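Chemist: only geometry, no sequence info:
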């Protein structure tokens, strides 16, 4: 399978969400690097996009890559410091099965609060031609979640890879496109 990984936010000019001494762009860059290694070891062809805030560019690169799936990785944030957990977004039913497998894998592996699979018309989900998900690993503004984001980046990556493998085993390659 050919997989496009998009770590959210531009490392040079947009740190993304910040909290507890962490910058989202740095955390997701590390998780994406580990994810790329795990997926390559499993025999997948991985396309890693340079982190960029130009979402049209990100989607154009993804669409030109002829990848089977698109994974965007982010850290969540909230004004409420008690907000915590993992949630995974899909656009319509296009990536629902993939999102469910990745969500379950992260929650099981890292024991984060399960905020569920949700639907959103996020730009990168709506404008990619392949099934796409956006993973909010955990809340960078929660002290407990921030600790996980700081110390267990490799485990987040491993869990995402397991979720992708779980989805691939449950579905034939073309089934990612079905609702």
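Modeler: Perfect, thanks for sending it. As the structure is a prediction and not an experimental result, all values here were calculated from the model.

Chemist: From what I see, residue 13 and residue 54 are in contact.
Modeler: No: using C-beta atoms under 8 Å, residue 13 makes no contact with residue 54, being 10.9 Å away. C-beta: built from backbone N, CA, C; applies to glycine.

Chemist: list the residues that contact both of these two?
Modeler: Common contacts of residue 13 and residue 54 (C-beta atoms under 8 Å, 6 or more residues apart in numbering): none found.

Chemist: could you pull out the strands for the chain?
Modeler: 2-7, 18-19, 22-23, 45-48, 69-76, 86-90, 114-119, 132-139 (DSSP state E).

Chemist: Switch the ones you listed over to TSV; also include distance to residue 35.
Modeler: Putting the strands of the chain into TSV (distance: least, C-beta to C-beta, whole Å) gives the following:
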stretch	distance to residue 35
strand 2-7	6
strand 18-19	22
strand 22-23	18
strand 45-48	8
strand 69-76	7
strand 86-90	14
strand 114-119	19
strand 132-139	10
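
Chemist: Which one of those strands has the poorest average confidence?
Modeler: Lowest mean pLDDT within those: strand 45-48, a mean of 94.

Chemist: Tell me, how many residues neighbour the closest residue to residue 136 other than its chain neighbours?
Modeler: Once flanking residues are discounted, residue 136 sits nearest to residue 76: 4.0 Å by C-beta to C-beta, 6 or more residues apart in numbering. As a burial measure, residue 76 scores 23 neighbours (other C-beta atoms under 10 Å).

Chemist: and residue 76, what is it in contact with?
Modeler: Residue 76 sits next to 17, 83, 87, 136-141 when contact means C-beta under 8 Å, 6+ apart.

Chemist: same question, residue 89
Modeler: With C-beta under 8 Å, 6+ apart, residue 89 has these contacts: 99, 117-120, 122, 125, 133-136.

Chemist: Can you say which of the contacts of residue 76 are buried?
Modeler: 17, 87, 136-141 (16 or more other C-beta atoms under 10 Å).

Chemist: Save these as JSON lines, and put in distance to residue 34 too.
Modeler: Converted to JSON lines, those look like this (distance: C-beta to C-beta, whole Å):
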{"residue": "17", "distance to residue 34": "20"}
{"residue": "87", "distance to residue 34": "20"}
{"residue": "136", "distance to residue 34": "17"}
{"residue": "137", "distance to residue 34": "12"}
{"residue": "138", "distance to residue 34": "15"}
{"residue": "139", "distance to residue 34": "20"}
{"residue": "140", "distance to residue 34": "18"}
{"residue": "141", "distance to residue 34": "23"}
